[in-house]
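A.B. asks: got a sequence here, can you build the structure:
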Amino acid sequence: MPSFKIDLSSAVVFVATAPTPKLANAKTGERAMDRETSAPLSTVGLLVSDEGEGNLYQVTIPETGYPEGLAPGMPVRVVGLKARDWENEFNGQKRHGISFRAVAITAVA
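C.D. replies: The predicted structure is shown next:
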């Protein structure tokens, strides 16, 4: 499916939740890996405030794409944020949504 770039050039972004390992299979504990680089993936909650509106996004990033010590409340910059719609069927129920992926997150000095 196609992905769409998200422009955050005028936004203020804060860490809402610290990075946690993204799992490919919750039952087995298998870690999700980046298909291109084989880096383990993590999920971080980001609060994005732009034009008077704030939104919380759960963003997937490679473990190599963020600094140690990333903690809630820290202002950050997001590199290469993209959104992609998804749909699947699980136990006979169709589910759909939007997933967010970034190349990197850097702390703002």
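
A.B. asks: per-residue pLDDT, the residue nearest in space to the middle of the chain?
C.D. replies: Nearest to the geometric centre of the chain sits Val59, at 1.1 Å (CA atoms, centre = their mean). Predicted confidence (pLDDT) for Val59: 98.

A.B. asks: again, but for the one 3 residues further on
C.D. replies: Per-residue confidence for Pro62 comes out at a pLDDT of 97.

A.B. asks: the one 10 residues further on too?
C.D. replies: Pro72 carries a pLDDT score of 96 in this model.

A.B. asks: please apply the same query to Met1.
C.D. replies: At Met1, pLDDT is 65.

A.B. asks: Ile105 versus Lys5, what's the distance?
C.D. replies: Using CB to CB, to the nearest Å, Lys5 is found at 16 Å from Ile105. Backbone N, C-alpha and C define where each C-beta goes, glycine included.

A.B. asks: quick one, which of these two is more surrounded?
C.D. replies: In terms of neighbours (other CB atoms under 10 Å), Ile105 is the more surrounded of Lys5 and Ile105; the figures are 24 against 9.

A.B. asks: show me the strands in the chain, by range?
C.D. replies: Shown for the chain, the strands assigned by DSSP state E span residues 4-5, 12-21, 23-25, 30-31, 41-50, 53-62, 75-79, 82-90, 93-101, 104-107.

A.B. asks: quick check: closest non-adjacent residue to His96.
C.D. replies: Glu87 (4.2 Å; CB to CB, 6 or more residues apart in numbering).

A.B. asks: ok, now Glu30?
C.D. replies: Nearest to Glu30 is Ala24, by CB to CB, 6+ apart, at 4.7 Å.

A.B. asks: in contact with the one you found, which residues?
C.D. replies: Contact partners of Ala24, counting by CB atoms under 8 Å, 6 or more residues apart in numbering, are 30-33.

A.B. asks: now the strands of the chain as TSV including distance to Gly69?
C.D. replies: TSV is the format used below for the strands of the chain (distance: least, CB to CB, whole Å):
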stretch	distance to Gly69
strand 4-5	28
strand 12-21	9
strand 23-25	23
strand 30-31	21
strand 41-50	13
strand 53-62	15
strand 75-79	12
strand 82-90	25
strand 93-101	22
strand 104-107	8
